[in-house]
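Enquirer: coords please:
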Amino acid sequence: MKILLVSTQDYIHHPIPSRHHYIFEDMATRHEVHVAHFHVSRCDARPTRLEVEEATQFSLQSPLLHYTFNAPYHFYRFNQLVRDGGFDVIVAANVLAGTAVIRAAKRYHVPVLFDLKDWFPDSAAAYFKTRFCRRS
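Expert: Next up, the predicted model:
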């Protein structure tokens with residue numbers, strides 16, 4: 001099976017692996033799994049079995065700014081990936097970029113599983129560096 005994952009975070013550079021890392025790294029031992037890469041985090045890249053698909057035009061560290069300014073590119077890029085990729089299924093877990101990939105999937109008749117992890121994941125805490133937003 002050929003799968004495209006649009007994760008909630010920068011899959012290869014985020015400092016804290018999400019459950020998607022554990023699920024899809026295992027799935028990649030049996031399936032061809034591609035993952036959209038969002039340049040939001042600045043940590044060292046972690047090794048992956050997944051095929052990384054570039055999905056960033058403007059690399060910004062603020063998730064809000066990153067996904068907002070890259071939204072037009074996401075619509076273009078995901079349309080291109082879904083049209084040419086031959087995916088059997090798409091797993092969309094990112095709200096903003098997920099909208100773009102779902103639209104492309106609908107256009108090319110590829111089934112989508114929308115996986116909304118939660119609205120305030122612990123992994124998002126890595127983006128907040130002010131003393132007012134961090135946990136003590």
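
Enquirer: State the distance from the closest residue to E32 other than its chain neighbours to F38.
Expert: In this structure, E32 finds its nearest non-sequential neighbour in K2, 4.7 Å apart by CB to CB, 6 or more residues apart in numbering. For glycine as for every other residue, the C-beta is placed from the backbone atoms N, C-alpha and C. From K2 over to F38 the distance is 21 Å, taken as CB to CB, to the nearest Å.

Enquirer: repeat for V101
Expert: Counting by CB to CB, the gap from V101 to F38 is 12 Å.

Enquirer: Looking at K2 and F38, which is more packed in?
Expert: F38 (28 against 15; other CB atoms under 10 Å).

Enquirer: ok, the more buried one - contacts?
Expert: By CB atoms under 8 Å, 6 or more residues apart in numbering, the contact set of F38 is S7, Q9, D10, Y11, A55, T56, H66, Y67, N70, N94, A97.

Enquirer: and if you look at A100?
Expert: Taking CB under 8 Å, 6+ apart as the test, what A100 contacts is A71, H74, F75, R77, F78, N79.

Enquirer: Go through those and name the one nearest Y108.
Expert: Of all the contacts of A100, N79 has the smallest distance to Y108: 8.4 Å, by CB to CB.

Enquirer: What is the burial count for the closest one?
Expert: 17.

Enquirer: next one: phi and psi at the residue nearest to E32?
Expert: phi -110, psi 120 (degrees, to the nearest 10).

Enquirer: in the chain, which helix or strand is least confident?
Expert: helix 63-69 (a mean of 88; mean pLDDT, DSSP states H and E).

Enquirer: List the buried residues for that one?
Expert: P63, H66, Y67 (16 or more other CB atoms under 10 Å).

Enquirer: State the distance from the first one to H13.
Expert: When you say that, I think you mean P63. Applying CB to CB to P63 and H13 gives a distance of 13 Å.

Enquirer: For those two, list the residues in contact with both.
Expert: In contact with both P63 and H13: V40, using CB under 8 Å, 6+ apart.

Enquirer: Mind putting the contacts of A100 into TSV with distance to I90, pLDDT and secondary structure?
Expert: What follows is the contacts of A100, written out as TSV (distance: CB to CB, whole Å; pLDDT from 0 to 100; DSSP: H, G, I helix; E, B strand; the rest coil):
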residue	distance to I90	pLDDT	secondary structure
A71	18	93	helix
H74	13	94	helix
F75	14	96	helix
R77	13	97	helix
F78	9	97	helix
N79	12	97	helix
